[in-house]
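turn this into a model:
(one chain, ligands or ions: 2)
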Amino acid sequence: MKTIRKMVCLVDGEHYLPVTKSALDMLDNLEHNEVVAVVFIGGTEKLRETSEEGVIEKLGRPVHFGDNPHEIPYDIIGKVIEEYDADVVMDLSDEPIVDYSKRFKIATIVLDMGIPYEGPDFKFYPISEHDILKKPSFKILGTGKRIGKTAVSAYAARLIHKKEYNPCVVAMGRGGPEEPEIVHGDKIEITPQYLMEQSDKGVHAASDHWEDALMSRILTIGCRRCGGGMVGDVFITNMKKGAQIANEVDADFIIIEGSGAAIPPIKTDKHVVLVGANQPLINIENFFGPFRIKMADLVVLTMCEEPMASSNKVKRIIKFIKSINPNATVIPTVFRPKALADITGKNVLFATTAPDSIKDVLIEHLESNYDCKIVGTTSHLSNRPLLQNDIEKYIDEADVMLTELKAAAVDVATKDALKAGLEVVYCDNIPLVIEGNYESLPEAIIKVVDSAITAFETRTGA
Ligand SMILES: Nc1ncnc2c1ncn2[C@@H]1O[C@H](COP(=O)(O)OP(=O)(O)OP(=O)(O)O)[C@@H](O)[C@H]1O
Ligand SMILES: O=C(O)[C@@H](COP(=O)(O)O)OP(=O)(O)O
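Ligands and ions are numbered 1, 2, ... in the order given. Below you'll find the predicted structure:
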């Protein structure tokens, strides 16, 4: 037997009330649907009856109003959903009361309460979350691709390990394995030759769980996903299986890592949200950027330097994040490369996915910190033909291929370098907090870990 859907409808004064009433009656007459309440979200043009009592009488059901008739009562929408324990919100309004941006704001509120938001030609679903983890956990999600989720995930795993908790990472990626794959970064030595063997077997050996395992030397579990919706759900993923494996392995804290702007469909105790200051402001401040930001206990704002982001842009993003999620800690950072093996005095060919515009900063950092010479750089690690051209250009001058473990790092960069007799050294991206009055990143991460452990213990009585 299907249950009845309790529906809250959003209506306005830009529709003639009898027209709105006929839509409400129609929705009410649908089998399995009950309009439990109406929220009046503004407008006057078609109202002959302007008193609240008059509108309630004309619509024939409970109607809720905000204090200011010229503003959408976002808070009232949330309260009404709660009061009526609604299952869905149906929007019967239109321009000029709602526009695209206002609808995304409404959607953010509704979806955050775990129910769908519908209109005549759209339906947004809340994200799915499997409640299956049997250990304390947090998840790392982001507002876009290549903004540092993996770098921060690996950094957090190392910190947690130092605290003598035993973490594992479950990562999903679009190049992940058909069946969740365990990489024992804690036990095996992940050498370039070992990664080549994996790659020759058809494995995407530069997938995020390999990167996490190499950078942090902990156990990781790799999963795949296809598709990413606007809110953050994926179309398919084997992450549920991956999370179940995490319950069984020798680890006592679980980091669940997202892919692109897709949110891992696994319920966790806390959330770390990565936002790239290099991203267009519209994607951070509008659409479903705020939905992700509101989930955060900690926001790591990455790429906070020129030319990716001016200091004014960074300040504006921090202010915006604090305005919509005042409880979250916000830490602005930049990334700097760290070689995982000695490259002192070597001639280095550096392969990265970082944009060309930051190349000189990264070269300067490597040369001054490692006393090496960067004889060539390619920022085409994720474009195989261009990468191959760049490698051919510089390979004769280099002793070492220094590469991030991403994209074509194994099947092209490592392979070509080994073939040419070069040493291959992998490179991590370390988040550093920018100058200013900000919390320490390690402390903020450990705070999230501790609060996740407390939340887990409270939730499970453990
Ligand atoms: N100083 C910098 N400025 C801009 N980009 C940088 C800088 N340093 C590193 N990067 C780039 O930042 C990105 C960080 O990638 P990271 O993998 O951590 O992000 P992600 O969101 O997890 O993506 P993926 O899942 O592909 O690994 C890389 O492309 C790296 O080359
Ligand atoms: O493309 C993706 O799904 C991952 C990387 O995938 P893998 O290479 O790890 O499979 O990158 P992200 O979007 O997290 O920045």
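
flag every residue of the stretch 1-150 of the chain that's near ligand 1.
G142, K145, R146, I147, G148, K149, T150 (C-beta under 6 Å from any ligand atom). In this view, the C-beta of every residue, glycine as well, is placed from N, C-alpha and C.

buried only: go through these for me.
G142, K145, R146, I147, G148, K149, T150 (16 or more other C-beta atoms under 10 Å).

make sure the fourth one is actually in contact with N283.
No. Using C-beta atoms under 8 Å, I147 makes no contact with N283, being 10.7 Å away.

just the residues of the stretch 1-150 of the chain next to ligand 1 that are near ligand 2?
Answer for these near ligand 2 (C-beta under 6 Å from any ligand atom): K145, R146, K149.

circling back to that earlier point, just put the residues of the stretch 1-150 of the chain next to ligand 1 in JSON lines and tack on pLDDT.
As requested, these are exported to JSON lines (pLDDT from 0 to 100):
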{"residue": "G142", "pLDDT": "98"}
{"residue": "K145", "pLDDT": "96"}
{"residue": "R146", "pLDDT": "96"}
{"residue": "I147", "pLDDT": "98"}
{"residue": "G148", "pLDDT": "98"}
{"residue": "K149", "pLDDT": "98"}
{"residue": "T150", "pLDDT": "98"}
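
would you list the residues you listed in JSON lines and tack on secondary structure and distance to A455?
Formatted as JSON lines, these follow (DSSP: H, G, I helix; E, B strand; the rest coil; distance: C-beta to C-beta, whole Å):
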{"residue": "G142", "secondary structure": "strand", "distance to A455": "22"}
{"residue": "K145", "secondary structure": "coil", "distance to A455": "29"}
{"residue": "R146", "secondary structure": "coil", "distance to A455": "30"}
{"residue": "I147", "secondary structure": "coil", "distance to A455": "26"}
{"residue": "G148", "secondary structure": "coil", "distance to A455": "25"}
{"residue": "K149", "secondary structure": "helix", "distance to A455": "22"}
{"residue": "T150", "secondary structure": "helix", "distance to A455": "25"}
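
flag every buried residue along the longest helix along the chain.
Longest helix in the chain by number of residues (criterion: DSSP state H): helix 441-460. Within helix 441-460, the residues that qualify as buried are 441-442, 444-449, 451-453, 455-456, counting by 16+ other C-beta under 10 Å.

next: stretch 143-163.
143-161.

excluding chain neighbours, what is closest to the residue of the chain most remote from its centre?
Distance from the C-alpha centroid of the chain peaks at R48, with 47.0 Å (C-alpha atoms, centre = their mean). Spatial nearest neighbour of R48, excluding adjacent residues (C-beta to C-beta, 6 or more residues apart in numbering): L17 at 7.6 Å.

related to what we said a few turns ago, pick the one among the buried residues of helix 441-460 closest to K270.
Using C-beta to C-beta, A452 comes nearest to K270 of the buried residues of helix 441-460, at 4.2 Å.

make sure that closest one is actually in contact with K135.
No. Applying C-beta under 8 Å, one finds A452 not in contact with K135, separated by 9.7 Å.

quickly list what's touching both of these two.
F253 (C-beta atoms under 8 Å, 6 or more residues apart in numbering).

tally of neighbours for whatever residue of the stretch 51-200 of the chain ends up closest to ligand 2?
Proximity of the stretch 51-200 of the chain to ligand 2 (C-beta to the nearest ligand atom) peaks at G173, 2.4 Å away. Neighbour count of G173, defined by other C-beta atoms under 10 Å: 25.

any idea how the protein splits into domains?
5-124, 137-336+434-460, 337-430 (the TED database).

need the contact list for V231.
Here V231 is in contact with A107, L111, F124, Y125, P126, I127, I263, F288, F291 (C-beta under 8 Å, 6+ apart).

the same query, at a cut-off of 10 Å, please.
V231 sits next to 107-108, 111, 117, 124-127, 261-263, 287-288, 291-292 when contact means C-beta atoms under 10 Å, 6 or more residues apart in numbering.

just the ones of those in helices?
A107, T108, L111, F291, R292.

tell me the bridge partners for the residue of the stretch 51-200 of the chain closest to ligand 2.
Note on G173: beta-bridge partners by DSSP bridges are R224.

ranges for the strands of the stretch 1-150 of the chain?
Listed in chain order, the strands found in the stretch 1-150 of the chain under DSSP state E, counting those that start in this stretch are 5-11, 33-40, 63-65, 88-91, 117-119, 122-124, 137-142.

I'd like those strands as JSON lines, with distance to S311 appended.
Output for the strands of the stretch 1-150 of the chain, formatted as JSON lines (distance: least, C-beta to C-beta, whole Å):
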{"stretch": "strand 5-11", "distance to S311": "40"}
{"stretch": "strand 33-40", "distance to S311": "41"}
{"stretch": "strand 63-65", "distance to S311": "43"}
{"stretch": "strand 88-91", "distance to S311": "39"}
{"stretch": "strand 117-119", "distance to S311": "36"}
{"stretch": "strand 122-124", "distance to S311": "35"}
{"stretch": "strand 137-142", "distance to S311": "22"}
